[in-house]
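A.B. asks: pasted the sequence and its predicted model underneath.
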Amino acid sequence: MQGRLRNEHLTFSITTECGHCRKPIHLEMDSDLNCRVLEEDAEPLVFVPVPGVEKIKDKSIIDGF
């Protein structure tokens, strides 16, 4: 959202680990929601939780997260 508001293409990195073997996993995602896994042998499950928008009482959906 911030990239859209500023009319910029943004990229961010996530560093995490495998829940099974604890090997590090590095992900990159961009403003277009393209996701890239840097480790060739990793196949992580990536998801974004979406709250029930109708249940959010906050003034902004961002506050609901």
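C.D. replies: Structure received. Residues are numbered from 1 along each chain as shown.

A.B. asks: most distant residue from the middle of this protein?
C.D. replies: residue 57 (23.4 Å; CA atoms, centre = their mean).

A.B. asks: just the pLDDT for that residue.
C.D. replies: At residue 57, the pLDDT value in this model is 77.

A.B. asks: that one: what's it in contact with?
C.D. replies: Going by CB atoms under 8 Å, 6 or more residues apart in numbering, residue 57 touches no other residue. (Glycine included, C-beta is placed from N, CA and C.)

A.B. asks: what distance do you get for it to residue 9?
C.D. replies: Distance of residue 57 to residue 9, given as CB to CB, to the nearest Å: 33 Å.

A.B. asks: can you check residue 27 too?
C.D. replies: For residue 27, the distance to residue 9 - CB to CB - is 17 Å.

A.B. asks: more crowded one of these two?
C.D. replies: Using other CB atoms under 10 Å as the criterion, residue 27 and residue 9 rank with residue 27 on top: 17 against 10.

A.B. asks: what is that one paired to in the beta sheet?
C.D. replies: Beta-bridge pairing for residue 27 (DSSP bridges): residue 14, residue 37.

A.B. asks: could you list every residue that touches it?
C.D. replies: 13, 14, 15, 16, 35, 36, 37, 38, 44, 46.

A.B. asks: quick one: those as TSV, columns for pLDDT, distance to residue 23 and neighbour count too.
C.D. replies: Below are the contacts of residue 27 laid out as TSV (pLDDT from 0 to 100; distance: CB to CB, whole Å; neighbours: other CB atoms under 10 Å):
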residue	pLDDT	distance to residue 23	neighbour count
13	94	17	10
14	91	15	12
15	94	12	9
16	91	10	11
35	87	18	12
36	92	17	11
37	93	12	14
38	93	12	12
44	85	10	15
46	69	16	12
